[in-house]
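> Would you be able to build a 3D model of this:
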Amino acid sequence: MASFTCQDCGKTFEVPDATLAKYPGWKPKHCLSCKNKQNGTTERNRTRIPGERQALRSPAATREENLTLSEVLAKYKAGPKVGVFTDGAADPNPGPGGWGAVYVIEDQIVAERWGHEPHTTNNRMELSALIAGVSLVPEGTPAVVYTDSQLCVSTIDKWAQGWEARGWRRKGGEIKNLELVQELYGLFKRRPELKLCWIAAHSGYRWNEYADSLATAYRRAKR
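Model (predicted):
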């Protein structure tokens, strides 16, 4: 069996070789427990995206395609047309990684940023993408900031307030990526006009796919 690290909870999980063989190139990001949460309570509580399709949950639908930016724009049209879209990646995890953020209004790019690190983790890159994404929106301008990391959403919307009240300590042990969590939480506290929202990864939403392409650009000769 092949081992993977869950992007949400950070735990290691295994996938049978026979399952991976059915979907060449598929690299699962979520363990079964987190996937069930996304399809259950988490799915019911998250912000609904207008026109969102419900069926895109198969391994084939969550496969990274490693498309260039121009290829993404040519292939995908669906999804929200306004907001900030962010993504982070590391392959292997931990290993080389990158992040990307794009701010769009009426399906047009207003600003974008991207970067990479030689050795990092998926979660660090997701947090870095969100920090960069917030900076793209002028202060006082309402916007939705999208991420496909449920861990990041839960960290900022559910847990960070309590950690801060306890002197940035948590009952279960250390807070991973503390400096990035503190920076991002501080940004959202100072920017009440911004709303953090989870969006399904690799579900054909144009600007989510674009952010993914920015995050993985370091792997390609052509961005």
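> quick one: low-confidence parts of the protein?
Residues of the chain that meet the criterion pLDDT under 70 lie in 1, 17-25, 35-64.
> got the contact list for the residue nearest the centre of it?
Nearest residue to the geometric centre of the chain (Cα atoms, centre = their mean): D148, 3.3 Å. Residues near D148 by Cβ atoms under 8 Å, 6 or more residues apart in numbering: 87, 198-202, 208. For glycine as for every other residue, the C-beta is placed from the backbone atoms N, C-alpha and C.
> at 7 Å what do you get?
87, 198-201, 208 (Cβ atoms under 7 Å, 6 or more residues apart in numbering).
> What of A143?
By Cβ under 7 Å, 6+ apart, A143 lies in contact with 83-84, 137, 194.
> From those, which land in strands?
Under the assignment DSSP state E, those contribute 83-84, 194 to strands.
> can you pick the most crowded of the residues you listed?
Among the ones in strands among the contacts of A143, V84 has the most neighbours (other Cβ atoms under 10 Å), with 29 neighbours.
> how near is that residue to I105?
10 Å (Cβ to Cβ, to the nearest Å).
> And for A2?
Remark: distance between A2 and I105 (Cβ to Cβ) = 41 Å.
> can you list contacts of stretch 110-122?
7, 88-90, 93-104, 132, 136, 214-215, 217-218.
> Any of those residues buried? List them.
Listed as buried from the contacts of stretch 110-122 are 7, 88-90, 93, 96-104, 132, 136, 214-215, 217-218; burial here means 16 or more other Cβ atoms under 10 Å.
> Narrow the residues you listed to those in strands?
Members of the buried ones among the contacts of stretch 110-122 lying in strands (criterion: DSSP E): 88-90, 96-104.
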